[in-house]
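K.L.:
pasted the sequence and its predicted model underneath.
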Amino acid sequence: MAKAIVAKIKVQAPGGKATPAPPIGPALGQHGVNIGQFVTQFNAKTKHLEGMTCPCEITVYKDKTFDFIIKSPPASALLVKLAKPLAAGAAIVEKGSGVPNREKVGRVTKADCRKIAEQKLHDLNCHDVEAGVRIVMGTARSMGIEVVD
């Protein structure tokens, strides 16, 4: 017999570095889940992602047990990681532009967008890689990151 589902919770935490502090602790605590157990399992599964933001969907059952699915990091985080800065003195791109239509903060290639789309294909709202590339390119443009050939 299947377990009765009490709640589905979505949280985002840094890969390999999650703590019981907010937002994870209060979200799980209100459903009676063992927070320490979740944090250790999450950190073990996301150790390879080195602090990148990892969305996670947690299913809590009536007997206070849980399962969780780790999604791929957001496209915006992956784009910031791969973007080359436009300014000569800047070492890395830290975040997207506040005014993306006027101020550009970085540059990525179509090959970078393809790499991100292939990595995120199972989480994107599309069926083929080409559509995924267009989604990632749109995210880049809305962040103020130029897409070049």
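P.N.:
Received it, and whenever you're ready, just let me know what you need. Numbering: from 1, shown residues only.
K.L.:
what's the weakest-modelled helix or strand in this structure?
P.N.:
strand 84-85 (a mean of 88; mean pLDDT, DSSP states H and E).
K.L.:
so what's the gap between it and the chain middle?
P.N.:
Computed by Cα atoms, centre = their mean, to the nearest Å, the chain-centroid distance of strand 84-85 equals 21 Å.
K.L.:
helices or strands next to the next helix or strand after it in the packing?
P.N.:
Sequence-wise, the next helix or strand downstream of strand 84-85 (DSSP states H and E) is strand 106-109. Judged by 3 or more Cβ pairs under 8 Å, 6 or more residues apart in numbering; DSSP states H and E, strand 106-109 is in contact with helix 75-82, strand 84-85, strand 145-148. Backbone N, C-alpha and C define where each C-beta goes, glycine included.
K.L.:
what does the shortest one rub up against?
P.N.:
Same thing as strand 84-85. Identification of contacts with strand 84-85 by Cβ atoms under 8 Å, 6 or more residues apart in numbering yields 91-93, 105-108.
K.L.:
export the residues you listed as JSON lines, with columns for neighbour count and distance to Val136.
P.N.:
Putting these into JSON lines (neighbours: other Cβ atoms under 10 Å; distance: Cβ to Cβ, whole Å) gives the following:
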{"residue": "Ala91", "neighbour count": "7", "distance to Val136": "23"}
{"residue": "Ile92", "neighbour count": "10", "distance to Val136": "19"}
{"residue": "Val93", "neighbour count": "23", "distance to Val136": "15"}
{"residue": "Val105", "neighbour count": "21", "distance to Val136": "16"}
{"residue": "Gly106", "neighbour count": "24", "distance to Val136": "14"}
{"residue": "Arg107", "neighbour count": "17", "distance to Val136": "14"}
{"residue": "Val108", "neighbour count": "25", "distance to Val136": "9"}
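K.L.:
nearest to Glu118, of the residues you listed?
P.N.:
Nearest to Glu118 out of the contacts of strand 84-85 is Val108 (Cβ to Cβ; 14.4 Å).
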